[in-house]
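>>> Sequence and predicted model, in that order:
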Amino acid sequence: MPAIFNLNRLDRQTLRLGGALLIVYLVWGTTYFALDVAMQSLPPVLMNGARFVLAGVLMLGIARWQGQAWPTAAQWRASALIGGLMAFAAMALVVLAQKAGIGSGLMATVVTTMPMWLALWTRWGGERVPLTSWIGLALGASGALLLALEGDFSTTLMGSLCAFGAPLAWSLGSYASRRLALPPPAMASAAQWLLGGLLGLGVAALWEPGARTVAWQQVSLASVLAWLYLVVMGTMVTLNAYLWLLKNTTAALAGSYSFVNPVVALCVGVWLGGERLTGWVFVAMPVIGLALALILYGRDMARLAGTLMRRPGPSTTTR
């Protein structure tokens, strides 16, 4: 696999790839804070389901405006599987884990297992994952673990089960979106979000405490604004960018957001939440930077190291 970013040739695809990564890295790093604010006065599963239903309806309008055809029966089934895993299961498990009291440090660490799961499914599916990518993923998870020492590692049994289930469901949905036949991008996003969101609303209506008796007049303005941010930026902009990455780059690079997001989340917490940093962040960031370099340029770095090791040393002459 050649270097993903060809610095000597910045073509349109390279710029799109860099832009999509930047969006996923930065915006999803802010959604941890937005989720906390939204859940202050909204039931989490209901909030999440409504988020994806609205985003799905809006994206459906965009897809039809672009002239995209309705999905076929097979494409609806594929979209239902992906939406059920990603928009419903993974996201609902994340908010339930936070609601169940899992500490921010442990949550940030558990999320970093997602790209490893995705790389594993990819490998089992017959796609080759370079050794340098595996090393990069392991380093990225290690860096995120160091970074998570800034946070809270408290947990409950239910919080732990939800937290570990979330990246597993997300990785399965991500892998399915790489392999299954789907409609054009806007229609695929619309179908996945709409079906996943409707599933979330149904589950909330049947089982979530307080979902059917929400006192809407008591929902805070901050929660509403955070929810709208999650709909527009967290879903319509960033999830579209991530789905595009899954189709256009390696599984390791697409999943690398999971150990960059905690860095962004920590910065947001310092800026907006009044959190304080210890020295761990300054140890973790170089480790995460090296992890990204291995995922982006691992083959080139290995080739350069091999060349340097094979280069003969300076010859010596006897007198």
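Perfect, I can see it now. Everything numeric in this text was worked out from a predicted model, so none of it was measured. Numbering: from 1, shown residues only.

>>> The lengthiest helix in the chain packs against which elements?
In terms of residue count, the longest helix belonging to the chain (DSSP state H) is helix 280-310. Packing contacts for helix 280-310, counted by 3 or more C-beta pairs under 8 Å, 6 or more residues apart in numbering; DSSP states H and E, involve helix 131-148, helix 251-255, helix 257-272. Bear in mind the C-beta positions are built from the backbone N, C-alpha and C, glycine included.

>>> Is P71 in contact with Q192, as I believe?
No. P71 is not in contact with Q192 according to C-beta atoms under 8 Å; the separation is 10.0 Å.

>>> Please compare the two by neighbour count and tell me which comes out ahead.
Between P71 and Q192, counted using other C-beta atoms under 10 Å, the more crowded position is Q192 (31 against 20).

>>> so who does the more buried one touch?
Applying C-beta atoms under 8 Å, 6 or more residues apart in numbering to Q192 gives the contacts 56, 79, 82-83, 86-87, 177.

>>> Report the secondary structure element holding the nearest residue to A166 once chain neighbours are set aside.
Excluding the flanking residues, the one nearest A166 by C-beta to C-beta, 6 or more residues apart in numbering is L93, at 3.9 Å. Taking DSSP states H and E as the definition, L93 sits inside helix 91-99.

>>> cool, and S41?
Judged by DSSP H and E, S41 forms part of no helix or strand.

>>> can you pull the contacts of it?
Listed by C-beta under 8 Å, 6+ apart, the contact set of S41 reads 218-220, 223.

>>> Return the member of these nearest to K99.
K99 lies nearest to S223 out of the contacts of S41, by C-beta to C-beta, at 13.6 Å.

>>> The closest one against L42, yeah?
Yes. Counting by C-beta under 8 Å, L42 is a contact partner of S223 at 5.3 Å.

>>> more crowded one of these two?
Using other C-beta under 10 Å, the more surrounded residue of S223 and L42 is L42, with 24 against 19.

>>> Quick one: neighbours of the residue nearest to L253 when sequence neighbours are not counted, just the number.
Distances taken as C-beta to C-beta, 6+ apart place I295 nearest to L253, at 5.4 Å, with adjacent residues excluded. When neighbours are counted by other C-beta under 10 Å, I295 registers 26.

>>> L21 versus I295, what's the distance?
Distance check for I295 against L21: by C-beta to C-beta, to the nearest Å, it reads 11 Å.

>>> quick one: common contacting residues for those two?
253, 256.

>>> What's the mean pLDDT across stretch 122-132?
In this model, stretch 122-132 has a mean pLDDT of 86.

>>> Tell me the secondary structure at A181.
Classification of A181 using DSSP: H, G, I helix; E, B strand; the rest coil returns coil.

>>> May I see the helices and strands packed on helix 280-310 organised as CSV, with distance to L206 and mean neighbour count added?
Below are these laid out as CSV (distance: least, C-beta to C-beta, whole Å; neighbours: other C-beta atoms under 10 Å):
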stretch, distance to L206, mean neighbour count
helix 131-148, 34, 22
helix 251-255, 32, 26
helix 257-272, 31, 21
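
>>> Of these, which is nearest W121?
helix 251-255 (7.9 Å).

>>> follow-up on the earlier one: what does the model give the residue nearest to A166 for pLDDT?
We note a pLDDT of 92 for L93 in this prediction.

>>> mind checking how far it is from A254?
Between L93 and A254 the computed distance is 20 Å (C-beta to C-beta).

>>> got TSV for the contacts of S41, with pLDDT and secondary structure too?
Shown next, in TSV, are the contacts of S41 (pLDDT from 0 to 100; DSSP: H, G, I helix; E, B strand; the rest coil):
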residue	pLDDT	secondary structure
Q218	91	helix
V219	94	coil
S220	95	coil
S223	95	helix
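
>>> just to revisit the earlier point, pull the CA atoms of the following helix or strand past the helix holding L93 into CSV?
Next helix or strand after helix 91-99 toward the C-terminus (DSSP H and E): helix 104-111. Written as CSV, here are the backbone C-alpha positions of helix 104-111 (Å, rounded to 0.1, in the frame of the first residue of the first chain):
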residue,chain,number,x,y,z
SER,A,104,-14.9,9.7,30.9
GLY,A,105,-11.4,8.1,31.1
LEU,A,106,-12.6,4.6,30.7
MET,A,107,-15.2,5.5,28.0
ALA,A,108,-12.4,7.2,25.9
THR,A,109,-10.2,4.2,26.3
VAL,A,110,-12.9,1.6,25.4
VAL,A,111,-13.8,3.5,22.2
